[in-house]
Structures are given as structure tokens and as C-alpha cells.
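Novice: Sequence first, predicted model second:
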Amino acid sequence: DKAETKGGLKITSDDGNFSAALGGRIHFDTYLFDEDIEDPISTTEFRRARIILSGEAYNWKYKLEQDFAAGSTLSGFRDVYIATGLAGGTLTIGQFKPYRSMEELTSANEITMMERPFTSATGIYRGRQFQQGVGWHTHVNCYTFGIMAINLRDAGTPRNEGLGAASRFTWTPVNDDVSTLHFGISLSHEDANRNTEPLEAEVIYAGRRGPRQLIALTPGGDNFFFGEFGDDEFFIDDGGGTVNSAGLELAGTYGPLYGQAEYVYADYDGDYFLSELTFVDFFGDPAPFACDPVIGCFIDDQRVDAWYVMGSWIITGEHKPYNAGKAVFKSPKPQGKYGAWELTARYDTIRNRDIHDLKAKSLIFGLNYYVNPRVRFMLNVTFGDDDFTGDKTNQLAIRAQMYW
Amino acid sequence: DKAETKGGLKITSDDGNFSAALGGRIHFDTYLFDEDIEDPISTTEFRRARIILSGEAYNWKYKLEQDFAAGSTLSGFRDVYIATGLAGGTLTIGQFKPYRSMEELTSANEITMMERPFTSATGIYRGRQFQQGVGWHTHVNCYTFGIMAINLRDAGTPRNEGLGAASRFTWTPVNDDVSTLHFGISLSHEDANRNTEPLEAEVIYAGRRGPRQLIALTPGGDNFFFGEFGDDEFFIDDGGGTVNSAGLELAGTYGPLYGQAEYVYADYDGDYFLSELTFVDFFGDPAPFACDPVIGCFIDDQRVDAWYVMGSWIITGEHKPYNAGKAVFKSPKPQGKYGAWELTARYDTIRNRDIHDLKAKSLIFGLNYYVNPRVRFMLNVTFGDDDFTGDKTNQLAIRAQMYW
Amino acid sequence: DKAETKGGLKITSDDGNFSAALGGRIHFDTYLFDEDIEDPISTTEFRRARIILSGEAYNWKYKLEQDFAAGSTLSGFRDVYIATGLAGGTLTIGQFKPYRSMEELTSANEITMMERPFTSATGIYRGRQFQQGVGWHTHVNCYTFGIMAINLRDAGTPRNEGLGAASRFTWTPVNDDVSTLHFGISLSHEDANRNTEPLEAEVIYAGRRGPRQLIALTPGGDNFFFGEFGDDEFFIDDGGGTVNSAGLELAGTYGPLYGQAEYVYADYDGDYFLSELTFVDFFGDPAPFACDPVIGCFIDDQRVDAWYVMGSWIITGEHKPYNAGKAVFKSPKPQGKYGAWELTARYDTIRNRDIHDLKAKSLIFGLNYYVNPRVRFMLNVTFGDDDFTGDKTNQLAIRAQMYW
């Protein structure tokens, strides 16, 4: 059989029916904070250190991806699935990303900024990047469609009876060597149930390892509640709760220019009671509405808006290619001896329409240096702005990354 | 050198003296419970997600197998050993399965039901599936013999001075393309000592993640005792304790039919004192014998019987082959375009002869669908029955598995 | 492309510009203690069980090494870096060993005794074997030079703002097939800061998993302090602190003979206050100087000396080769059918010059059996001696190791 390497190990059978590969990635970061009300610790850190096994046998594929930077092997599960062709598409069984949010589905090796935007699991779908279930995805001409039935957990979260579904449809009317135009829509439904962790929208508005702001919360399994009415600290409800969301995507390239925007609206349903102290604990500041001394602060449905606009200019003239199968953009391949250089910017915002001033923003400027097709350095300057607490922490972040 | 793949990576040197392989497996399960007294949480879960390195150099072999589904890398140790030929057999040093119980020694990729029976580390040898030590195993004609000297731990259990030994002898008078007849016997001795965890027989009688019933316990290191006589909760003894067991195996195939049965008798020695509350804590129900208000419930030697009968019929006509080297059965290789289909059943029972009614049973019906030599789907319906607590929880379980 | 194996997997592109390899190691130990005042638990244990991915693409190299024996994937990070050629040397970014202490930089597969000496992270640089940062290393003729800028952490320690630098220079005037003469010097500076763990010199003087003796401590981030003046237990300071050290190396071989010695002087700065109880907690015995009932025991600068002398004779006549690029010795390659046999000895000592009697010694005799170039068995007898507590625990230890 045929052995190959471009930095990883790959063997393909002579008839092409069998293959196996061992890959991986290292993302090594430095975070330097400019403190405000919050004062996070500056540090170096491995953002990702993954080993990836993938292969094919008898028309079934597998992928087993483990991130050693996650702390435990269970939290380290990333794509772990088996898949086969079905009805003109691909059937996937196991753990993978629900089909929602364009930038979420973009590989971490190829995202434009160091962290994903508020419309992804880095915000409105906080902590639900990978989920377990069964999905089907297809790509026909300029369309892609994917749908997934979900048990609301990944390998690192508690076993639970929560269920959900996510679906995404994209249309790419223009996609040639010079320009691409992409439209997308996604829908997601999540229904918490026994032992499901609360579903949250939460943002880290001043860069990785910086301060967090909870934006919305739907209660989960009743084992996550605590305290009694009248206590100093309580969080009480009947349990269960749903989150429904819809997302829109608009993106395109023209030569060395690239722009991408997403908007997600989510309804975090509620009906729960928090003591005033617990409210501060959860949201970081006192409730901006009246709370009762005994039954505390009552929260019901919360409508959340999140959107971002992101763009880049590749100074060295390379073009950002489009992955038509997944309907996401990829990194440019550097052409010259000194690599490719890209100027980037993003404006991110999220707000809870039903709790006054509960919103956060993030403005990021960056520079990406693509040394070669495997190595990239990134620099991001993030200006964070938490309207709820008033904190305006900033961050300078640098990444060295290689994959194989 | 020669590169090969059947889904994994393998390289063999041209002279055959060196080789290396990277394999793995994914077992992804869904458990749905039909509650009774107990009400376990239904969920999806990765039962196994393993990476396996193996190879040979200068007549020594190694195997390094890690299960990422185990939670920590120490609990994730499976087969981790080095081995070489010695005196007509194989000398193995490191962590591996003691030579006892036929179904225990069968690969998880090839077991007939989704979980192993009560005569294995899923019952009478609870938590002692992999142990550290030195073993020797040989296969001559229709006989196999294996023996292992054990430190009573795996990488995930505390360092301790417990010692043991296990041995297994098998005879296969018939083994041709149509039929196999297998007899086996195993003996095991375990001697708990400083820092050894208590040795337990415990069963999960209604399927994985279902309720548990402790059947017998031998105290271990004295650091595992707690409380004082007269306290509400105590567990007191001098420490140490031994478990001696003997197992019998009878199995065979005839064309598409297969049957396998094992019986294990174990003597869990005791002499320990539990408060009535601790008894309930450990065994799930009050002691069925008189306990003293001060010195509590006294338990001495406990004789445990466990046995099962398991059978299957491969509807599509394939034959279940026999691994003569390890003296266990393997999965059938599907012949037709629509794979192989197998109907399965097992009846499992275990009891403590010295504590009234301390027994549990499990009746399982199943269907296995072998899509191809690498991919299998399993369905098991388990009817659990805990005579001690009266619980009769049932479970429907589904597995999707691939290995490479 | 070209596939190769000597026990591991390796693929190299035909033009030699790309390569990838999968290797690993298993070190399986048995520890038997001869108790004195201390009475550690004898046990078997995996000392190392590592998987190692390495490769090269477009003139950049990577290494991703994970030790599953470390307990969590974060503590399991070993060499995890990307590297490229720069200015006649190698630039390394990520986690790796600071350039200090000859035996520290020797691979664990090739160290002469089972554990490293007191002049390494097994003593004077306790817990700082791998650190995160950027380094540059070069080898020209008979000289090597390396320097590293450090964030004082590895993946398993808390994120912190501690900074440091380490540098090593070596000269090897003689290096031929029969004899080698090596001189080396290293300098290290460590500056604890926000959230940095206390920097400690600590030795395990009676072999792995035996008793420990803290020799010196510099306070770190203020979150590691506890208690108030006058409490039973407190540890109080303003936080921060530095450690400066200098090391000397002298080593050589002549035919089958080998000798190696290192001396390290370190200044652990201090100015902290401990209650008498906390002193006993930290150092194992009461302070040998006067402590105040309210402000406790005051510790300021502590000067620490550590040195060892190690030698071996390879009975079967092989010569221990020298790795000129890293400036460390390697294991002999066995020539005969019965492998290579090596007699070894080491005397290790460390003391705190500023606290009376705070010193420890270790005398080790050993035998190494190199079965083949991949497999080694080791036997070490360690005579421990803790002058501070008076404990003289001894240990017999055996290792079976294979790498690929």
C-alpha cells in the first residue's frame, strides 16, 4: 500500500478502499491583559494540542480526535464518530459539531481571529460546541444541507436526557477563483431534561482567559438547583427548559478581500427564581429590576441577539479559498517566499433584550502571518466592553500554530 | 519497508523482524431505561474510544492501549505491556488481563452481548479486569495454559502491597470449520494488603449505567476503614483479606449455532463489622440478619456463586470462528452484501450463599448486525432482577462500533 | 514516500523535506521499601507510558509527547513544541526542558540510574522539568549553547505571570570512539509573580514514591499564602520571590568506563513567615532556630548546594556514546548475543546552608541490562539519608523499559 507524508502519517491501500492517517495540531498562545475592573492573569498556554486518527474501511469512515489541552480525556473529546454514505449524503454517528453557525464549523486551524465569535459556542451556544447524536449532511451543486439529532451533551458533560436538533442550509451563488458569495441559515432547538446542565449564553469579551459575562440562562435538570426561598443563596425552578434559535450568514471574498457576518436570535426560556446574591454570582452585578426579599429575582423568557462583522485583507495578495463541501472559508495558501500576511478585524456584540443593559461587545484587530501551509502566527488586540458591569478589559494575544 | 492499511496504520520491515501499528476503536452507546424502584438516567455515551500502539523490535513486542472514555489517563490504561518469547510461550510484563474467565479474555470488539457476564470483572472480579504483574502463556496443540503473578492494582487504583495469582487451562478437543468444543478451568487467588482497595463482587444487573448490587466484599488496606463501634456509620476490621476462586468453562459452535457457559465459585473472606446504616449504604437494603447496636453487623466468609448461559444463532448462516491461541470465540465475518445478522440471548445469575436473598439475575435478548469486518451494530434488551432490593429495572441499549 | 519501522511508525517523503513518526515508551517499575522512620508503600507502577508524535514539514518541526502515566492530560504534557532553523541554530516555541543540568537533558530512556540526581528537577529545580517559552540552541564544533526565556509553568501548573531564563554552555575537548571529556556550565534565573506556585528545592532521597524532604522554598503568588499571624497554621509574605542558580558539569568516558558529576548552587530568596506547625508541615521536623509565638518562624535567603558523582563500568566492554548535539551521554548499544551489562553507582547530596542540618543524601548502586537497542532492565538499590528528620529509608527498585 502507499505511504505518504506532508507532516503527518498516511497510508492508502492500492485500490483506494482503505486508508488511515495520523495527524495533530499544536496551538501555543500568549495572553497579556490590560486590566480595568477585572484583572485577569497574563500567561502562556496551549490552546490546543491534539492527536487525530482518521481512516476508512469498507466504505465506513472514522475520526477519533483528542485534545490533550482540555484537562481530562473526557473533556478532550472532539470529533469522535463513525460515518458512511447514505442517500447522496453522509450519515455521521457519535460526537461532532451540530450544523449551526458558519464560523463554528470552520476548523480552528483556519479561523480568522484567535477565538470564534459570539454567534458560536464561544457565546450564544456556550459549552455546546460538540454534541452527541446522529447527523446527515449533503452537498449538491451550490447548496449544502445538514441536520443533526442531539443528546444535549458531549463526553465531558454529565449523562442526561436532554434532546435537541440543529439544521443548516447554505447557498453559494458565486464561487470561482476570484470571488465567492455565500448565504446561510440555521435553526436549532434544545430541550433540557433530567440531569441536563443549564443552557447558557455567555461571552468571554476580552479574549481567552479573560472575564466572562453570562447573557442568558435556561434552567436544566433539577439537580442543578440549590437553596430554598428566603435563603441568602438559592436558584429554584421546576427544571427543564428550551432554547430555540435561528441564524443568518452572509459572507464573500473578492481577490485578497474577505468579509463575513452572522446574526443569531435565540429564545432562552426561563421561569426561575434567584436570590439577589445568586443573581450577582451568576451575572456579576445586581439585578437591574426589582427582586422580592423572599422569592428573589424572577426570570422568564429571555430573547438574545448576537451578531458580528468580520473582514480581512491579505496584503500579499493571496485569495481566501472556500470549502464548498462544508460551506466555510479556509486559510489562504502562502505563495511567496516570505509567506502570506493578512490584516483582520471583527466587531462582536450580544445582548439580552429582556434584562436591561445585559450586553457585551468586543472589537478585535489582528495580523495573521502564514509562514507556510502548515504554520501560522497570529496577533490579536481585543478591546472588551461589558455594558452590564462596566468592565473594559483589553488583551494582546499571540498564537504560534502548526498542524499536520 | 512495507506499509499496509485495513483502516489502521501498519508498517512491517522487509525482513519481518520489525513492525509497528496504530489502531483504535469507537463504541458509541445509547441506553434507555424502564424504571422500577431504581430510575437511572437514559443517555448516549462513548463506551470505548481507544487508541492502540503495538509493534515488535528485536523479538520484543509492546502494546500501549489507552481508553479516552475512562475519564483520566490513569483509569484509561488497558493493555500496556512488553512481551517476548520464553520457553515455548510468551512472557508478558506490565498491565494486562489475568488469565481467568473466558468471556473476560474475549475482545470487547467481539463479545456477544454489549456487556460481559457476572463471572468476569463485570461481576465476581469487579474492578479487577486489568492488573499489573508478570505472566506466561502458551498454546500447544489443542491446549492453552496461562499464569500471572499480580500486584492487586491497575494504573487507576491506589499503589498497594496486595498480591495475587491467576491461572487458566483450556482444552479444545474439537475445532474444525464447522464445529468447536471448548473446556476450560481457571483458578485465582487475591491477597489484599497495605493500601489495597476492598475486593468486591458487584453486579450492574440492568445494563451499563443502571443500578448496582454489591454481592460480597473482602476488606482491604486499613486506610479504607472508617468510624468507631457505636457510631452511626462505621466499617471496621484489622485489614487484609483474601479472595479465592475457581471457574469452569464449556463452550462450542455447530455451524451458525453457538453456546457458551461459565461457572465461578469464589470465597470472599471477611471478618468485618458494619453499622446498620453502613450496611444499607453498601448493600442497598437492611441486613437480613441480626445486628448488634454497638458492634453492628458482623460479616465473615462469604461464598459466592456466579454462572451464565449464552447462545446465539447467526441467521445469515455465518460461523463464529475460534481463536485457538487465546482460547476464546471471535466475531463472524459477514459473507453477504447485507452483512451478518445474529440473534443472541444470555441468562446471568450471582448469589452470596451466606447472606439471605443477596442475589441478582439478568436476562438479555439481543440482535447483532455485522455490517462488515470492522463495523457492528448491537441491540440488547436487558431484564434486570435484584432479589435483595426487589428492583426490576429494564434497559434497551444500542451500540454502534468500529475498530481499525 | 518511504515507510520505515524499527518498532515505531515512520514515513519520509522521497525528497526528504517531509517526515512524520509515531513513537512511544513504556517504563514499568517495582518499588520495595526497607522502612525506617518513614514507611512508604511498596508497589508496582508505570513510571512512563508515552506516545510521541514528531515530524517535519516546510522546514518546521513539531513534537507532541504525552505521558499517560501522569494522571491528567495536562500533567501529561512533555515535549510539546514547534521548531525551525534560525541563525545557525534551532528556534523552539512551546514546552520543553530549560537548558540547565546535564542529566536533566538526558533522555529518560538513557539515564544511568532509575531517577535523575538532586541537581535536576528531581531536586533543586523541583517540579520545573518542563517549562513554557521560547528557546534557541546551537552546536558548533565541540561547543553547544542554549538559552530559553520562560513563563514559569508547564501545562499542568496554574497559569501565572512568573518569568525566567536559563542558559547552558558546553565544551567537549575530547570526543572520539574511545574517550570523551565534557565540561559544562549553566545559569538559571526564576522570578515568581502573580499566581506562580512557590518555587521549591525538594528531594525524594530514598527512591521514587519514597519520603520527601523540602530543602528550600521561595514564596510565589500571594494566593498560595494562608492564615494570619498568631494562628496555629499560617504562611505569610508579600509574594513573589526569585531563584538564581549556577551549575557546573564534568563528565567523561574511557572505553567501558564512564563518570559524570554536577554541582549546582542556588539562591532561593525568601522573607516569609511560617507558624511553627506550618514549619513542621513543610519541612517535616520543628525549626532548628527560634520562632516567635506570634510572627512565627522567619525565613529569608536560603543558599542551597547540590552535587552528585556518578560512574559506571560496562562489564561486557561496550562504550557509552556521546550525543554531541545535545551534549549528553547516551546508552551503550549492546554488541553480544547476551546484551550489555553495566554496573552503576551514584552519590547524591543537597543541603540548605542557612537552616541547620537541613540536608539529605542518597547512595545508589545499580545494574543495567541492555537486552537490545530498545529494551533495558534496571536494578537500583538506594540508601536514603535525611539528616533533618533522621530517616534512613532504603529501596530496592526494578525497571523494565522499552521504547520505539
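Specialist: Yep, that arrived.
Novice: From now on I want contacts and neighbour counts done on CA atoms only, so please keep to that.
Specialist: OK.
Novice: Strands of the stretch 151-300 of chain A, residue ranges please.
Specialist: A:163-175, A:179-192, A:199-203, A:213-218, A:235-236, A:241-254, A:257-268, A:272-274, A:297-299 (DSSP state E, counting those that start in this stretch).
Novice: so which of the ones you listed gets nearest chain B?
Specialist: Each of the strands of the stretch 151-300 of chain A was checked against chain B via Cα to the nearest Cα, and the shortest separation belongs to strand A:163-175, namely 9.7 Å.
Novice: elements contacting that closest one?
Specialist: strand A:143-151, strand A:179-192 (3 or more Cα pairs under 8 Å, 6 or more residues apart in numbering or on different chains; DSSP states H and E).
Novice: Chain C: which of the ones you listed is closest?
Specialist: Using Cα to the nearest Cα as the measure, strand A:143-151 is the one of the helices and strands packed on strand A:163-175 that comes nearest chain C, at 25.8 Å.
Novice: ok, is the closest one in contact with chain B or not?
Specialist: Yes - using Cα under 8 Å from any Cα of the partner chain as the criterion, contacts between strand A:143-151 and chain B involve residue A:151.
Novice: on that earlier part again, can you say which of the helices and strands packed on strand A:163-175 is packed in most?
Specialist: Between the helices and strands packed on strand A:163-175, strand A:143-151 has the highest mean count of neighbours, a mean of 23, where neighbours are mean count of other Cα atoms under 10 Å in any protein chain shown.
Novice: now the longest helix seen in chain A, how far from the chain's geometric center?
Specialist: Secondary structure of chain A per DSSP state H: the longest helix is helix A:276-283. Mean C-alpha position of helix A:276-283 versus that of the full chain (Cα atoms, centre = their mean, to the nearest Å) differs by 26 Å.
Novice: what comes up buried for it?
Specialist: With burial defined by 16 or more other Cα atoms under 10 Å in any protein chain shown, the residues of helix A:276-283 counted as buried are A:276, A:277, A:278, A:279, A:282, A:283.
Novice: Closest one to chain C out of those, please.
Specialist: Within the set of the buried residues of helix A:276-283, residue A:282 lies nearest chain C; the separation is 23.1 Å, counting by Cα to the nearest Cα.
Novice: For the closest one, give me its contacts.
Specialist: For residue A:282, the residues meeting the contact criterion (Cα atoms under 8 Å, 6 or more residues apart in numbering or on different chains) are residue A:214.
Novice: Skipping its backbone neighbours, what lies nearest the residue of the stretch 151-300 of chain A at minimum distance from chain C in space?
Specialist: In the stretch 151-300 of chain A, the residue that lies nearest chain C is residue A:209 (9.5 Å; Cα to the nearest Cα). Computed as Cα to Cα, 6 or more residues apart in numbering or on different chains, the closest residue to residue A:209 that is not its neighbour in sequence is residue A:40, at 7.2 Å.
Novice: any idea of the pLDDT on that neighbour?
Specialist: According to the predicted model, the pLDDT of residue A:40 comes to 97.
Novice: Spit out the contact partners of it.
Specialist: Residues in contact with residue A:40, defined by Cα under 8 Å, 6+ apart, are A:33, A:209, A:210, A:211.
Novice: residues near the last one, how many?
Specialist: Other residues within reach of residue A:211, judged by other Cα atoms under 10 Å in any protein chain shown, total 19.
Novice: ok, now how distant is it from residue A:284?
Specialist: Residue A:211 sits at a distance of 10 Å from residue A:284 (criterion: Cα to Cα, to the nearest Å).
Novice: tell me the pLDDT at residue A:271?
Specialist: Per-residue confidence at residue A:271 stands at 89 (pLDDT).
Novice: Report how many residues lie close to the residue lying closest to residue A:117 once chain neighbours are set aside.
Specialist: Residue nearest to residue A:117 in three dimensions, not counting chain neighbours: residue A:348, with 6.5 Å by Cα to Cα, 6+ apart. Residues within reach of residue A:348, counting by other Cα under 10 Å, total 22.
Novice: ok so, going back, and the helices and strands packed on strand A:163-175 as CSV, adding mean pLDDT?
Specialist: What follows is the helices and strands packed on strand A:163-175, written out as CSV (pLDDT from 0 to 100):
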stretch, mean pLDDT
strand A:143-151, 98
strand A:179-192, 98
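Novice: Out of the ones you listed, flag the one nearest residue C:387.
Specialist: Of all those, it is strand A:143-151 that lies closest to residue C:387, at 59.6 Å by Cα to Cα.
Novice: what lines up beside the closest one in the sheet?
Specialist: In the sheet containing strand A:143-151, its partner strands are strand A:131-140 (antiparallel), strand A:163-175 (antiparallel), by DSSP bridges.
Novice: just the ones you listed: most buried one?
Specialist: Each of these was given a mean neighbour count from mean count of other Cα under 10 Å, and the largest, a mean of 22, is that of strand A:131-140.
Novice: Using CSV, write out the CA atom coordinates for it.
Specialist: Extracted C-alpha coordinates of strand A:131-140, given in CSV (Å, rounded to 0.1, in the frame of the first residue of the first chain):
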residue,chain,number,x,y,z
GLN,A,131,-22.7,17.3,21.0
GLN,A,132,-23.5,13.6,20.7
GLY,A,133,-26.0,12.2,18.2
VAL,A,134,-26.8,11.3,14.6
GLY,A,135,-26.5,13.6,11.7
TRP,A,136,-26.8,13.7,7.9
HIS,A,137,-25.1,16.2,5.6
THR,A,138,-25.1,16.7,1.9
HIS,A,139,-23.5,19.0,-0.7
VAL,A,140,-25.2,19.3,-4.1
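Novice: contact partners of that strand?
Specialist: With contacts defined as Cα under 8 Å, 6+ apart, strand A:131-140 is touched by A:88-98, A:144-155, A:324-326, B:44-45.
Novice: In PyMOL, select just the buried ones from these.
Specialist: One line in PyMOL is enough to select the buried members of the contacts of strand A:131-140, burial here meaning 16+ other Cα under 10 Å:
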select buried, (chain A and resi 89+90+91+92+93+94+95+96+97+98+144+145+146+147+148+149+150+151+152+153+154+155+324+326) or (chain B and resi 44+45)
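Novice: Count the residues that sit near the residue in the stretch 301-404 of chain A that chain B sits nearest to.
Specialist: Closest residue of the stretch 301-404 of chain A to chain B, Cα to the nearest Cα: residue A:404 (16.0 Å). Using other Cα under 10 Å, residue A:404 is surrounded by 23 other residues.
Novice: burial measure for the nearest residue to residue A:397 once chain neighbours are set aside, as a count.
Specialist: The spatially closest residue to residue A:397, leaving aside those adjacent along the chain, is residue A:31, at 4.6 Å (Cα to Cα, 6+ apart). Taking other Cα under 10 Å as the neighbour definition, residue A:31 ends up with a count of 20.
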